[in-house]
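Asks: Quick one, structure for this:
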Amino acid sequence: GAVVAYLSLSPVSAGVYAALNVAGLTALVGSRIYDDVPQVPTYPCVWYEVLERDVRGFGTGGLPEVELRVHTFSTYAGMKEAQAINAKVIELLRDQAVTVSGYTQAGRVFYDETIPFAEELINGVKVRELVSQFRIYVEE
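Replies: As a prediction, this is how the structure comes out:
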């Protein structure tokens, strides 16, 4: 029978990386698309994280709702660079199918919101950050 995966985060993460690691985004951030930010990152860069909760309701099997947060970091003065990168992230993910090994995606990627963080210090470097939140539903 089918292998029950129990946790979709790793295959979802791989699918998100594949969706983001394309010329339209690498032209803006190079290869700096991370699921784990380096200790001393080079900017601009994109970091994404996935969180899961099961929303199946009654019955058996799993229907994980995966919350995807994509962080865009920039040291550019003002939000222009971060907004351009973030707009590309939204274009690449919103209403798209993502390949999730071992799962069937239910619907498309839902885009919820983008939250700006004007200035923050990361290891002494002043950066601007945008966080875009998405939801991906996958079926076991």
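Asks: CA only for contacts and neighbour counts going forward, please
Replies: Fine.
Asks: residues in contact with the helix of greatest length in the chain?
Replies: Ranked by residue count, the top helix of the chain under DSSP state H comes out as helix 80-93. With CA atoms under 8 Å, 6 or more residues apart in numbering as the test, helix 80-93 has contacts from 19-20, 24-25, 28-29, 44, 70, 72-74, 76, 109, 111, 128-130, 132.
Asks: and those, which are buried?
Replies: Taking 16 or more other CA atoms under 10 Å as the criterion, what is buried in the contacts of helix 80-93 is 19-20, 25, 28-29, 44, 70, 72-74, 109, 111, 128-130, 132.
Asks: Next step: those restricted to helices.
Replies: Going by DSSP H, the helices hold 19, 20, 25, 28, 29 from the buried ones among the contacts of helix 80-93.
Asks: isn't the first one right next to residue 94, touching?
Replies: Right, the one you point to is residue 19. No: using CA atoms under 8 Å, residue 19 is not in contact with residue 94; the gap is 10.7 Å.
Asks: Low-confidence stretches in the chain?
Replies: Across the chain, the ranges flagged by pLDDT under 70 are 1-6, 59-60.
Asks: Check it for its longest strand and report it.
Replies: Using DSSP state E, we find that the single longest strand of the chain is strand 104-122.
Asks: contact partners of it?
Replies: Residues contacting strand 104-122 (CA under 8 Å, 6+ apart): 79, 90, 93-99, 126-140.
Asks: now the longest helix of the chain, how far from the chain's geometric center?
Replies: In terms of CA atoms, centre = their mean, to the nearest Å, the centre of helix 80-93 is set 12 Å apart from its chain centre.
Asks: and residue 48, how many neighbours?
Replies: Burial of residue 48 is recorded as 20 neighbouring residues (other CA atoms under 10 Å).
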